[in-house]
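> turn this into a structure:
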Amino acid sequence: MRIGLHALGIGTGARPEIIEAVGRAAESAGFATLWSGEHVVMVDEPSSRYPYSGDGRMAVPAQADWLDPLLGLSYVAAVTSRITVATGVFLLPEHHPVLAAKQAATLDVLSAGRLMLGVGIGWSADEFAALGVPFERRGERTEEYIEAMRQLWADDVASFDGAFTAFDKIRVNPKPVRKRRIPIIIGGNSDAALRRVAACGDGWYGFNVEIGYVRDRLAALREQCRRRGREMSELTVAVAVSGAGPDDVAGLAEAGVDELVVLGEPPAEPVTAAVWVDELARRWGLDPDRKR
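Next up is the predicted model:
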């Protein structure tokens, strides 16, 4: 079981000195992945319900710093050399797919092929309105954008004609490092999200899933894969599990989780942030003292 850390890009985790301290410490301690999420805008009184908490509200205050994840992870990649960097998640329908493909490939090249692109459809109608992007049909838009981006990465000269985007005979470089492909991990805990994973994803990122609900979601994902003739072994399963502790790692691995993602906000000083990472590593069975 791999252990990932979702702690960068927000609040104290948006400060460059904390990013560097956490990134270096996490890599040294043996964390598999550093995750960073996205919101382009926040509002004080949202009209949409937040889907990842019981009360429908985000714990992150609207006034908190929130870095662009691709830019923030570029900084992470510059101060590390081995650890995977992942968006958890990049709100794909809010971005033009040609530009998103270029930016993601750029980060993949700068990180020497260490990027996992986690994408989601978004939940905030206020955010879509601020960006001038229709909130309706955002799931369909996301699936089409994934197809278009893969076309741009794969082909020297790419063309695409869809309902939401079109381009003809264009070159977009650089290309991703690993056979012109970046793993696309699809976020969301709903049945629709799991259908999307099976339809076009390289993996699933479940966010803040109650521990008693993990097996249910994995069973639903297996059924969606069966309907599409896919094997679960084709997918990477990363889950941030609410209520889980170190004693649950073996059971989650047996259930089919490849990576358990630990959520947290680092302290405000670089030295204490590095100590915080080491303490998390020990708690979750990693060895921060081992030379790597």
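
> part of a helix, is A101?
Yes - per DSSP: H, G, I helix; E, B strand; the rest coil, A101 lies within a helix segment.

> now do the strands in the stretch 151-292 of the chain.
158-161, 166-170, 184-187, 203-210, 236-242, 259-263 (DSSP state E, counting those that start in this stretch).

> er, the stretch 1-150 of the chain actually
Using DSSP E, counting those that start in this stretch, strands in the stretch 1-150 of the chain cover 2-6, 33-36, 84-87, 90-91, 115-120.

> out of those strands, flag the one nearest V133.
With C-beta to C-beta, the closest approach to V133 among these belongs to strand 90-91: 9.5 Å. No exception for glycine: its C-beta is placed from N, CA and C like everyone else's.

> run through the neighbouring helices and strands of the closest one.
strand 115-120 (3 or more C-beta pairs under 8 Å, 6 or more residues apart in numbering; DSSP states H and E).

> and A104, which of the strands of the stretch 1-150 of the chain is closest to it?
strand 115-120 (5.3 Å).

> quick one: pLDDT of the most centrally placed residue in the chain?
In the chain, the C-alpha nearest the mean C-alpha coordinate belongs to G88, at 2.1 Å (C-alpha atoms, centre = their mean). Predicted confidence (pLDDT) at G88: the value is 97.

> so how far is C225 from the residue nearest to it when sequence neighbours are not counted?
Spatial nearest neighbour of G88, chain neighbours left out: W35 (3.7 Å); criterion: C-beta to C-beta, 6 or more residues apart in numbering. Distance of W35 to C225, computed by C-beta to C-beta, to the nearest Å: 23 Å.

> look at these two and report which has more neighbours.
Neighbours per residue (other C-beta atoms under 10 Å) separate W35 from C225, with W35 holding more: 30 against 19.

> show me what contacts that one?
G4, L5, H6, A7, L8, A86, T87, G88, G118, V261 (C-beta atoms under 8 Å, 6 or more residues apart in numbering).

> tell me which two of those sit farthest apart.
Top of the distance list for these (C-beta to C-beta): A7 and G118, 14.9 Å.

> partners of the residue nearest to G88 in the sheet?
H6, A86 (DSSP bridges).

> gap between it and G54?
In terms of C-beta to C-beta, W35 sits 22 Å off from G54.

> thanks a lot, catch you later.
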